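Asks: got a predicted structure here, sequence first:
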Amino acid sequence: MTKVIMIQGTMSNAGKSLLAAGLCRIFRQDGYRVAPFKSQNMALNSFVTTEGLEMGRAQVMQAEAAGIEPMVCMNPILLKPTDHTGSQVIVNGEVVGNMSAREYFSYKKKLVPEIRKAFQKLSEISDIIVIEGAGSPAEINLKENDIVNMGMAELVDAPVLLVGDIDRGGVFAQLLGTLMLLTEAERKRVKGLIINKFRGDKSILDPGIQMLYEKGKVPVAGVVPYMDLSLEDEDSLTGRFAGKAEGVIDIAVIRYPRISNFTDFHVFELLSEVSVRYVTSVSELKHPDLIFLPGSKNTMGDLKWMRQNGLETAVKKMAEKIPVCGICGGYQMLGDSISDPEQVEEGGTIRGMELIPVVTKLQKEKVRCQTRGRINKLEGVFCVLSGLDYTGYEIHMGQTKEKEKQGCFWKSKDASEKTRVVFSGSNPNVYGTYIHGIFDQGSIAPAMVQALARKKGMELKTDVLLDYQSFKEKQYDKLADTLREYLNMEEIYGMLREAHLE
């Protein structure tokens, strides 16, 4: 029988995703077929599987750690916030529609059969499934009809590891308070506590660990140190948006209110002497070497936001001297216009930034596909990309068409597929693409950075420009090694061996 274990947290950003990924890696190293699972994920960072289905990137990261291909059954429900009170609801990789929080709260219990089917499909190919919860299991207002924390644990009879974040302070109150707010049946499911992100001398913590056991009657399964890792995190509370100093090559990413798939730029953060700064104002923009307009869950609204705070004018002026590249929603913004006849976002038509001669019409049907191709001959600073192969995926609500026959196009090898990347012939500094993940494979990102360096009369050491995939594999191994050292893996394997709760 497939064994299961679940990671729940005392709050968001307690470290559930990374700990789940680390356990996936450990079980894989120990010879088991392992897979991640999260019944419901709320995130704007998403991925498209080989079947053309959409899922959260946290489970993609965990699947990589487990050494298996991401499948939508690992994340059957994905919520993509559209505003403060509503989300686009995606079930089994396909859009169901937009719902308010209240509408979804009433609707979610209907999704239990879909969760069961997805979990069953995953259990047929796995020896162990590592389940991740969401937020906290003690959120009283969300416990009714819960499908992602204790409700999920009960659904599949999973033992639970409860994780608290000591780096933010109050970890003892976090852990004990959570246990106190659980029902007796739920508390019995919690088989171990984990103190995460610890810095300092563990011996000083020992009296607190003893007190946790005395008051909570649940053993501490490990004290995990703060880890200096560079892996994708949940988008809601990422630390990547914090202010950073400018590097030798300085890249600015416009951080709109509804920024999505900023994982596209992770590879640049790993390159030597490169800084990636997420900016929200003209004063923060400063003097970058490259500007990215990332994806957006509300392209029209975020373009209006740029227009109102002056960033649009500043970016257009800078495009006369430095490269500006739009990804997905950012690509749509760079065109002449965006129309929304079907009320996908805000309705009506809005003028674009008029930097690329294309027009976009938003449509209710979402484009979801993986793609690969080869970059045609380019001019300008990024001419070094000519002839390079690329891979990636598309997720967007809209079609973009050429307004004029000008510019240079990067096309897919499959002649039946539409143009994937374009840059304006009138301004070779401006680029746009629908392809997420285009920088992750091969030498595209290093070549872009080297081109920017040469423009400044510099030469970077190309031997330190990394293979991104190999780098991530080493990070997963480092994560697993750390967890083996600081978690009681014998106890955790004992939890897996339990067929039923006592």
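Replies: Right, received. Where do you want to start?

Asks: strands of the stretch 251-400 of the chain, residue ranges please.
Replies: 259-260, 274-279, 290-293, 295-296, 324-327, 337-340, 348-351, 358-361, 367-374, 389-396, 399-402 (DSSP state E, counting those that start in this stretch).

Asks: show me what the fifth one is packed up against.
Replies: When you say that, I think you mean strand 324-327. Taking 3 or more CB pairs under 8 Å, 6 or more residues apart in numbering; DSSP states H and E as contact, the helices and strands that strand 324-327 lies on are strand 290-293, helix 329-334, strand 430-433. In short, each C-beta sits where N, CA and C put it, glycine included.

Asks: list the neighbouring strands of the last one plus their orientation.
Replies: Going back to what we said before, that points to strand 430-433. Strands that pair with strand 430-433, judged by DSSP bridges, come out as strand 324-327 (parallel), strand 421-423 (antiparallel).

Asks: how's this protein carved up into domains?
Replies: The chain breaks down by automatic domain parsing into domains covering 3-232+472-497, 249-459.

Asks: ranking these by mean pLDDT, which is last?
Replies: Among those, domain 249-459 has the lowest mean pLDDT, at a mean of 87.

Asks: and that one, how far apart are its ends?
Replies: 11 Å (CA to CA, to the nearest Å).

Asks: check stretch 386-403 too.
Replies: Criterion CA to CA; first-to-last residue distance in stretch 386-403 is 24 Å.

Asks: list the buried residues of that stretch.
Replies: The neighbour-count check on stretch 386-403 (16 or more other CB atoms under 10 Å) flags 388, 390, 392-398, 400 as buried.

Asks: again with stretch 374-384
Replies: If you call a residue buried by 16+ other CB under 10 Å, then stretch 374-384 has these buried ones: 375, 378, 380-382, 384.

Asks: farthest-apart pair in these, please.
Replies: Ile375 and Val381 (14.0 Å; CB to CB).

Asks: quick check: phi and psi on the residue with the largest distance to the centre of the chain?
Replies: Taking CA atoms, centre = their mean, the residue of the chain most remote from its mean C-alpha position is Glu214, at 38.2 Å. The phi/psi pair for Glu214 (degrees, to the nearest 10) reads phi -60, psi -40.

Asks: need the contact list for it.
Replies: With contacts taken as CB atoms under 8 Å, 6 or more residues apart in numbering, Glu214 has no neighbouring residues.

Asks: distance of it from Leu231?
Replies: 35 Å (CB to CB, to the nearest Å).

Asks: need the longest helix for the protein.
Replies: What stands out as the longest helix in the chain, according to DSSP state H, is helix 468-486.

Asks: please identify the buried residues of it?
Replies: Buried residues in helix 468-486, counted by 16+ other CB under 10 Å: 468, 472, 475-476, 478-480, 482-483, 486.

Asks: mind putting those into JSON lines with distance to Gly432?
Replies: Formatted as JSON lines, the buried residues of helix 468-486 follow (distance: CB to CB, whole Å):
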{"residue": "Tyr468", "distance to Gly432": "22"}
{"residue": "Lys472", "distance to Gly432": "27"}
{"residue": "Gln475", "distance to Gly432": "31"}
{"residue": "Tyr476", "distance to Gly432": "33"}
{"residue": "Lys478", "distance to Gly432": "36"}
{"residue": "Leu479", "distance to Gly432": "35"}
{"residue": "Ala480", "distance to Gly432": "39"}
{"residue": "Thr482", "distance to Gly432": "40"}
{"residue": "Leu483", "distance to Gly432": "41"}
{"residue": "Tyr486", "distance to Gly432": "45"}
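
Asks: which of the residues you listed sits closest to Thr49?
Replies: Proximity of these to Thr49 (CB to CB) peaks at Lys472, which lies at 18.2 Å.

Asks: please name the residues that touch Glu365.
Replies: Residues near Glu365 by CB under 8 Å, 6+ apart: Met397.

Asks: again, 6 Å this time
Replies: Applying CB atoms under 6 Å, 6 or more residues apart in numbering, we find Glu365 in contact with no residue.

Asks: now Glu51
Replies: Applying CB under 6 Å, 6+ apart, no residues contact Glu51.

Asks: Gly310 - how many residues pack around it?
Replies: 13 (other CB atoms under 10 Å).

Asks: give me the nearest residue to it, chain neighbours excluded.
Replies: Nearest residue to Gly310 in three dimensions, chain neighbours excluded: Val282, at 4.7 Å (CB to CB, 6 or more residues apart in numbering).

Asks: hang on, the one you found packs against Thr313?
Replies: No - applying CB atoms under 6 Å, one finds Val282 not in contact with Thr313, separated by 8.2 Å.

Asks: what residues does stretch 433-450 touch?
Replies: With CB under 6 Å, 6+ apart as the test, stretch 433-450 has contacts from 249, 261, 264, 267-268, 271, 274, 328, 331, 384-385, 388, 390-394, 396, 420-421, 460, 465, 468.

Asks: ok now it, how far from the chain's centre?
Replies: Relative to its chain's centre, stretch 433-450 lies at 17 Å (CA atoms, centre = their mean, to the nearest Å).

Asks: can you list the buried residues in it?
Replies: The neighbour-count check on stretch 433-450 (16+ other CB under 10 Å) flags 433-442, 444-450 as buried.

Asks: do the same with stretch 274-290
Replies: For stretch 274-290, burial by neighbour count (16+ other CB under 10 Å) applies to 274-280, 285, 288-290.

Asks: quick check: the farthest pair among these?
Replies: With CB to CB as the measure, no two of the buried residues of stretch 274-290 lie farther apart than Val274 and Thr280, at 20.5 Å.

Asks: how far away is Leu111 from Ala63?
Replies: Counting by CB to CB - Leu111 and Ala63 are separated by 21 Å.

Asks: quick check: pLDDT value at Thr462.
Replies: The model's pLDDT for Thr462 equals 55.

Asks: quick one on the thing from earlier: what helices or strands is the next helix or strand after the longest helix of the chain leaning on?
Replies: Sequence-wise, the next helix or strand downstream of helix 468-486 (DSSP states H and E) is helix 489-497. Here helix 489-497 touches strand 3-9, going by 3 or more CB pairs under 6 Å, 6 or more residues apart in numbering; DSSP states H and E.

Asks: the stretch 201-350 of the chain: helices as residue ranges?
Replies: According to DSSP state H, counting those that start in this stretch, the stretch 201-350 of the chain carries its helices in the segments 206-216, 266-269, 282-285, 299-309, 311-318, 329-334.

Asks: what's the most buried one of those?
Replies: Neighbour counts (mean count of other CB atoms under 10 Å) averaged over each of the helices of the stretch 201-350 of the chain peak at helix 329-334, with a mean of 29.

Asks: export only the CA atoms of it, formatted as PDB.
Replies: The C-alpha coordinates for helix 329-334 follow below in PDB (Å, rounded to 0.1, in the frame of the first residue of the first chain):
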ATOM      1  CA  GLY A 329       1.000  39.900 -19.600                       C
ATOM      2  CA  GLY A 330       4.100  42.200 -19.900                       C
ATOM      3  CA  TYR A 331       4.300  41.300 -23.600                       C
ATOM      4  CA  GLN A 332       0.600  42.200 -24.000                       C
ATOM      5  CA  MET A 333       1.300  45.600 -22.300                       C
ATOM      6  CA  LEU A 334       4.100  46.400 -24.800                       C
END
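
Asks: which residues sit against it?
Replies: The list of residues contacting helix 329-334 from outside it, by CB under 6 Å, 6+ apart, reads 293-296, 299, 303, 326, 338, 352-353, 355-356, 360, 432-433.
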